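**Q** I'll drop the sequence and a predicted model, then ask my questions.
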Amino acid sequence: MTIAAVVTAAGSGSRLGADVPKALLHVEGRALVAWAVSRLGEIAEAVVVTAPAAHLSAFEEAVDGAARVVAGGDTRQDSVAAGLAALALDDDDIVLIHDAARAFQDPSVAAATVRAVQSGADGAIPVLPVVDTLVTAPGPDGSVGDPVDREAFRAVQTPQTFRARVALDAHRRGSAGATDDASLARELGYRIVAVDGHEWGFKVTRPSDLPLALSIAAQLEAP
Ligand code: C5P
């Protein structure tokens, strides 16, 4: 049984306003995708990165042999499917699906998801409590919506980890438009369990996320 991983990095990262794909953005001298691959590489034996088709050689340079690079698709779901196909998984393998944008996720979280699948779950995802007060979206006149009980909600991170046959089936039969892999699997009846996420698993999305990314990278680089 192999533990393998797909790192999705084929998005443009337009919300970050950079002139390169987001995953190529350098933080403390290393591209985000390289941070993601090296941290996940502590758990996974084989890693495939899905990259924008026009930037394959730049991604190969960034990961420097630590992962295989394949072209992603138009949607995240297509990119994950391309990564799964490239891994040529056996049914009993375990596969982690991780966003390069969550480049600093703590390896202990990835390890916890793997343990949950080894203990019998079909899949496992990291979640965190929601810290903000939540209301439903405002109406057309701008009036705020109803408050909702935040204790009833969790924010979902990656890696999302599955027995390989579950991930493959979810991507073969799941509906288009899901924003994560666990939702695809859940709608087919698979049992997905939650493990504790980590603050460092945040998704580098907006310019204001960069100072935190820099601070974490500096801590990780410190001798
Ligand atoms: O757009 P969003 O932030 O949800 O993207 C999550 C992850 O999916 C990012 O790491 C991004 O690079 C990846 N992605 C992809 N292929 C796409 C779109 C997004 O691999 N077509």
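**A** Done, it's in.
**Q** any weak-confidence spans in the protein?
**A** For the chain, residues meeting the criterion pLDDT under 70 lie at 223.
**Q** Show me the strands in it, by range?
**A** 3-8, 26-27, 30-31, 46-51, 68-71, 94-99, 123-129, 134-135, 147-148, 154-156, 160-163, 192-196 (DSSP state E).
**Q** Put together JSON lines for the ones you listed, with distance to Ala213 and mean neighbour count on each row.
**A** Using the backbone N, CA and C atoms, a C-beta is placed for each residue, glycine as well. Output for those, formatted as JSON lines (distance: least, CB to CB, whole Å; neighbours: other CB atoms under 10 Å):
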{"stretch": "strand 3-8", "distance to Ala213": "16", "mean neighbour count": "27"}
{"stretch": "strand 26-27", "distance to Ala213": "5", "mean neighbour count": "18"}
{"stretch": "strand 30-31", "distance to Ala213": "11", "mean neighbour count": "22"}
{"stretch": "strand 46-51", "distance to Ala213": "18", "mean neighbour count": "26"}
{"stretch": "strand 68-71", "distance to Ala213": "22", "mean neighbour count": "18"}
{"stretch": "strand 94-99", "distance to Ala213": "14", "mean neighbour count": "27"}
{"stretch": "strand 123-129", "distance to Ala213": "17", "mean neighbour count": "22"}
{"stretch": "strand 134-135", "distance to Ala213": "26", "mean neighbour count": "12"}
{"stretch": "strand 147-148", "distance to Ala213": "30", "mean neighbour count": "12"}
{"stretch": "strand 154-156", "distance to Ala213": "18", "mean neighbour count": "16"}
{"stretch": "strand 160-163", "distance to Ala213": "21", "mean neighbour count": "29"}
{"stretch": "strand 192-196", "distance to Ala213": "21", "mean neighbour count": "17"}
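**Q** Tabulate these (CSV), appending distance to the ligand.
**A** Formatted as CSV, the strands of the chain follow (distance: least, CB to the nearest ligand atom, whole Å):
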stretch, distance to the ligand
strand 3-8, 3
strand 26-27, 14
strand 30-31, 12
strand 46-51, 5
strand 68-71, 10
strand 94-99, 4
strand 123-129, 14
strand 134-135, 20
strand 147-148, 23
strand 154-156, 11
strand 160-163, 11
strand 192-196, 19
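**Q** Ala85 is nearest to which of the ones you listed?
**A** Closest approach to Ala85 among the strands of the chain (CB to CB): strand 68-71, 8.3 Å.
**Q** Residues contacting the closest one, please?
**A** Residues outside strand 68-71 that contact it (CB atoms under 8 Å, 6 or more residues apart in numbering) are 10, 46-53, 56, 59-60, 63, 82-83, 86.
**Q** Tell me the gap between stretch 117-124 and the middle of its chain.
**A** When distances are taken as CA atoms, centre = their mean, to the nearest Å, stretch 117-124 is centred 18 Å away from the chain's centroid.
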